[in-house]
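[1] quick check, what structure comes out for this input:
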Amino acid sequence: MVQSIRATASLLAAALLGTTSVAVAQSTPSPNAAPPPVPPAVAAQPPKAAPDMQAVLDALAALGPKPIETLTPVKARIQPGFPDALHAAMRRQGQSTAPDPAVTTQDLPYGSDPMQYARVYRPAAGGADLPVIVYYHGGGWVIADVNAYDAAPRLMAKQLNAIVVSVEYRHAPEAKFPAQHEDAVAAYRWTLQNAASWGGDAGRIAFAGESAGGNLAVATAIYARDNNLPAPVHILAVYPIANSAMELPSRRDAANAKPLNAAMLKWFGYYYTSSMADMQDPRLNLVGANLRGLPPTTIVNSQIDPLRSDGETLAAAMRAAGDRVEQRTFPGVTHESFGMGKVVRGAYDQETYAIARLKTAFAR
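    Below is the predicted model:
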């Protein structure tokens with residue numbers, strides 16, 4: 001009976017990852033591990049991007065990146081990405097890509113591993129008892145870092161006159177799940193201990209994150225609830241990873257979207273999990289977690305994104321659990337749009353909405 005149950009679980013996990021055989025193993029812990037087989041192509045045409053969003057997509061294409069699902073992690077990490085495309089689009093419009101001097105940054109360690117550090121953003125004008133945002137970046141837990149995800153933390157620090165703690169964490173496949181979730185919690189504990197020394201108010205801390213980081217924001221709030229840590233006053237989850245099912249509407253209609261497609265989701269899963277059964281862990285499959293008693297939450301999604309349904313189904317699950325949650329899907333924009341408000345109107349609308357929600361939370 002036990003063997004039968006395990007076999008059934010393995011078959012389910014294989015289906016969720018889009019594999020055709022349970023014999024397909026997850027990657028080794030090497031960043032040079034060969035990628036998994038690329039899934040068969042599908043004919044789905046994603047929704048049309050708004051012209052200003054398309055301009056950034058065109059800028060990315062001009063940089064010549066290879067499909068991530070065909071690369072090893074180390075090669076995926078060093079090729080051009082959406083932040084490079086954003087800067088190209090900004091330069092084309094005559095905008096400066098230099099960091100806004102209204103915000104200062106300092107990198108500080110929260111753990112012993114070289115990847116366990118945070119970039120602390122502070123208003124240059126200083127201040128005391130400022131609200132604090134613990135921010136977790138995206139990249140599927142495999143690629144990207146605090147440098148790639150600079151725009152949103154810097155914007156929030158300026159617009160909210162807040163301290164933003166942008167958390168770096170260990171990456172897969174070198175450190176597989178749940179290493180990133182453990183680091184997210186460690187960084188929150190460290191923030192609680194040090195917020196006052198930075199001029200922050202430890203009683204007004206919010207969590208925020210994008211994509212994989214949006215998942216970390218919610219999962220860390222769940223951990224805080226279950227382990228008697230202070231709850232954040234708000235959660236901002238921007239296109240979070242939240243649902244391990246592969247047959248969601250956005251997995252189909254945005255299967256060929258850019259810069260994130262459905263094949264890349266399977267690529268990320270191959271590298272960040274140790275076994276296919278990990279995909280059903282409630283820290284990854286948030287819709288299956290105990291969501292009761294979580295702080296007020298804002299979920300921001302993009303229409304042209306295979307993770308759109310993750311945010312929509314997470315919002316439904318949170319409402320069913322009795323949580324206060326608002327979720328909005330913004331048309332004409334893609335994954336990674338958040339932080340591109342200087343050149344994409346839909347991204348500006350996402351940012352304005354998210355910042356207003358955080359401002360209200362901090363004012364209570």
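[2] looking at the closest residue to P99 other than its chain neighbours now. What's its pLDDT?
    Residue nearest to P99 in three dimensions, not counting chain neighbours: R154, with 6.7 Å by C-beta to C-beta, 6 or more residues apart in numbering. C-betas here are computed from N, CA, C, even on glycine. Among the per-residue scores, R154 holds a pLDDT of 98.
[3] next, R154: phi, psi?
    Per-residue torsions, R154: phi -70, psi -40 (degrees, to the nearest 10).
[4] from what I can see it touches V103, true?
    Yes: at 5.2 Å, R154 and V103 qualify as touching, with contact defined as C-beta atoms under 8 Å.
[5] ranges for the helices of this structure?
    If you assign secondary structure with DSSP state H, the helices in the chain sit at 2-16, 51-62, 73-78, 82-92, 151-159, 179-194, 212-226, 249-253, 262-272, 308-320, 345-363.
[6] mean pLDDT lowest for which of these?
    Mean pLDDT values for the helices of the chain show the minimum at helix 2-16, a mean of 35.
[7] on that earlier part again, turn the helices of the chain into CSV, including mean neighbour count and distance to Y110.
    Putting those into CSV (neighbours: other C-beta atoms under 10 Å; distance: least, C-beta to C-beta, whole Å) gives the following:
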stretch, mean neighbour count, distance to Y110
helix 2-16, 13, 32
helix 51-62, 18, 32
helix 73-78, 18, 22
helix 82-92, 18, 24
helix 151-159, 22, 16
helix 179-194, 20, 4
helix 212-226, 24, 13
helix 249-253, 19, 34
helix 262-272, 24, 21
helix 308-320, 21, 27
helix 345-363, 19, 22
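[8] can you lay out those helices as CSV showing distance to D113?
    Putting the helices of the chain into CSV (distance: least, C-beta to C-beta, whole Å) gives the following:
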stretch, distance to D113
helix 2-16, 29
helix 51-62, 31
helix 73-78, 17
helix 82-92, 24
helix 151-159, 21
helix 179-194, 8
helix 212-226, 16
helix 249-253, 33
helix 262-272, 17
helix 308-320, 28
helix 345-363, 30
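[9] which of the ones you listed sits closest to R204?
    Taking C-beta to C-beta as the criterion, R204 comes closest to helix 345-363 out of those, the separation being 5.4 Å.
[10] quick one: the closest one to helix 82-92, angle?
    110 degrees (axes from the mean of the first three to the mean of the last three C-alpha atoms, to 10 degrees).
[11] outside of helix 345-363 itself, which residues are in contact with it?
    Helix 345-363 is contacted by residues 50, 52-53, 131, 133, 152, 155-156, 159-160, 162, 204, 206, 208, 233-234, 236, 238, 296, 298, 300, 302, 326, 328, 330-333, 337-342 when judged by C-beta atoms under 8 Å, 6 or more residues apart in numbering.
[12] buried ones among those residues?
    By neighbour count, with 16 or more other C-beta atoms under 10 Å, these hold 50, 52-53, 131, 133, 152, 155-156, 159-160, 162, 204, 206, 208, 233-234, 236, 238, 296, 298, 300, 302, 328, 330, 332-333, 337-342 as buried.
[13] still on that earlier bit, check contacts around the residue nearest to P99.
    Under the criterion of C-beta under 8 Å, 6+ apart, the neighbours of R154 are 99-100, 103, 121, 164.
[14] how about the most centrally placed residue in the chain, nearest residue that isn't a chain neighbour?
    Within the chain, the residue whose C-alpha comes closest to the C-alpha centroid is S211; the distance, by C-alpha atoms, centre = their mean, is 2.3 Å. Residue nearest to S211 in three dimensions, not counting chain neighbours: G138, with 3.1 Å by C-beta to C-beta, 6+ apart.
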